[in-house]
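Asks: Structure for the following, please:
(one chain, ligands or ions: 1)
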Amino acid sequence: MEQEIISMPRIGEDAPIFTAVTTQGIINFPADYKGRWVILFSHPADFTPVCTSEFMTFASMEEEFKSLNCDLVGLSVDGLYSHIAWLRTIKEKIEYKGMKDVEVKFPLIEDITMEVSKKYGMIQPGESNTKAVRAVFFVDPVGKIRTIIYYPLSLGRNFEELKRVLIALQTADNFNVATPADWQPGDDLIVPPAGSCGTAKDRVEGKEPGVKCYDWFFCTKPLPKEQVFKAIKK
Ligand code: BEZ
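Replies: Have a look, this model is predicted:
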């Protein structure tokens with residue numbers, strides 16, 4: 001029997017190109033998002049509880065992501081009319097954790113052929129042959145994949161964590177730094193980023209105010225929260 005080849009895009013690669021029908025019309029990905037960050041995420045199925053809680057949460061945060069120069073694009077292997085009916089039900093009927101009348105304004109891709117979900121490794125047969133797992137792809141303004149996170153069907157995502165990942169990626173680019181464990185905007189950053197040559201201590205200690213070296217390979221510097229956000233919000 002011929003085995004189906006499942007492609008899995010990787011960090012640092014160009015985001016696979018596709019054209020798709022969505023609840024907001026046709027999109028060409030990633031070309032339509034050039035110059036902006038975009039989070040492409042999949043969910044297993046419309047009219048399911050975990051996905052509903054996720055959509056309500058993400059839609060409630062959409063303006064916040066937009067102000068971080070980031071658009072959202074959802075996907076499931078359901079059809080367009082299912083998407084439309086589900087999103088209408090969410091808006092008209094569901095009140096959850098203080099969220100109500102939630103309108104999902106970002107595009108939701110219909111992928112009944114599984115063309116896009118297969119291209120992005122969202123169909124993971126060990127979990128399900130018929131539904132996409134909860135995948136999250138962070139694509140940068142030049143169309144490169146910068147972070148990938150996969151969750152199983154039963155686990156709802158933490159959208160504050162997705163926002164933290166986005167801001168950390170943008171901050172790494174804007175200030176040529178890396179972000180330590182559990183970093184939040186306003187916390188110290190790591191200089192120079194991991195993988196640079198030379199010793200961090202030689203190159204940075206004493207050259208910039210506030211730089212602190214714990215050893216030759218591990219130096220940090222402060223960066224106020226306001227500067228983190230000023231660099232993002234153009
Ligand atoms: C949910 O979103 O609730 C769900 C979807 C597919 C499988 C399990 C849970």
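
Asks: Residue 46 and residue 160, how far apart?
Replies: Applying CB to CB, to the nearest Å, the value for residue 46 to residue 160 is 24 Å. In short, each C-beta sits where N, CA and C put it, glycine included.

Asks: Looking only at neighbour counts, state which of the two leads.
Replies: residue 46 (23 against 11; other CB atoms under 10 Å).

Asks: And the nearest residue to that one once chain neighbours are set aside, which helix or strand is it part of?
Replies: Nearest residue to residue 46, sequence neighbours excluded (CB to CB, 6 or more residues apart in numbering): residue 86, at 3.8 Å. Following DSSP states H and E, one finds residue 86 within helix 80-93.

Asks: name the helices or strands packed onto that helix?
Replies: Applying 3 or more CB pairs under 8 Å, 6 or more residues apart in numbering; DSSP states H and E, one finds that helix 80-93 contacts helix 49-60, strand 108-110.

Asks: hmm, 10 Å instead?
Replies: Under the contact criterion of 3 or more CB pairs under 10 Å, 6 or more residues apart in numbering; DSSP states H and E, helix 80-93 touches strand 18-22, helix 49-60, strand 70-76, strand 108-110.

Asks: just checking, next helix/strand downstream of the lowest-mean-pLDDT helix or strand in the chain?
Replies: Least confident helix or strand, the chain: helix 200-204 with a mean of 71, by mean pLDDT, DSSP states H and E. With elements assigned by DSSP H and E, the helix or strand that comes after helix 200-204 is strand 212-215.

Asks: And the contacts of that following strand?
Replies: For strand 212-215, the surrounding residues in contact (CB atoms under 10 Å, 6 or more residues apart in numbering) are 188, 191, 199-202, 204-206, 218-222.

Asks: any idea how far it is from the chain center?
Replies: 32 Å (CA atoms, centre = their mean, to the nearest Å).

Asks: how far does the helix or strand following it sit from the chain's center?
Replies: Using DSSP H and E, the helix or strand that follows strand 212-215 in sequence is strand 218-221. With CA atoms, centre = their mean as the basis, strand 218-221 stands 27 Å off its chain's centre.

Asks: What strands line up against strand 218-221, and which way round?
Replies: Strand 218-221 sits in its sheet next to strand 189-191 (antiparallel), strand 212-215 (antiparallel), going by DSSP bridges.

Asks: Give me whichever of the ones you listed is most buried.
Replies: Highest mean neighbour count among the strands paired with strand 218-221 (mean count of other CB atoms under 10 Å): strand 189-191, with a mean of 21.

Asks: could the strands paired with strand 218-221 go into TSV alongside mean pLDDT?
Replies: Listed next are these as TSV, based on pLDDT from 0 to 100:
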stretch	mean pLDDT
strand 189-191	95
strand 212-215	94
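
Asks: Show me which positions of stretch 20-36 end up buried.
Replies: 20, 21, 22, 23, 27, 29, 30, 33 (16 or more other CB atoms under 10 Å).

Asks: Likewise for stretch 52-72?
Replies: Under 16+ other CB under 10 Å, the buried positions of stretch 52-72 are 52-62, 65, 68-72.

Asks: Between the two ends of that stretch, how far is it?
Replies: Start-to-end span of stretch 52-72 (CA to CA, to the nearest Å) is 16 Å.

Asks: Close to the ligand: what parts of the chain are there?
Replies: 44, 45, 48, 49, 50, 51, 131, 153, 154 (CB under 6 Å from any ligand atom).

Asks: Would you write a PyMOL line that selects the buried entries of these?
Replies: Buried residues among the residues of the chain next to the ligand (16+ other CB under 10 Å), as a PyMOL selection:
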select buried, resi 44+45+50+51+131+153
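
Asks: Now for the residues of the chain next to the ligand: which two are most distant?
Replies: 49 and 131 (14.1 Å; CB to CB).
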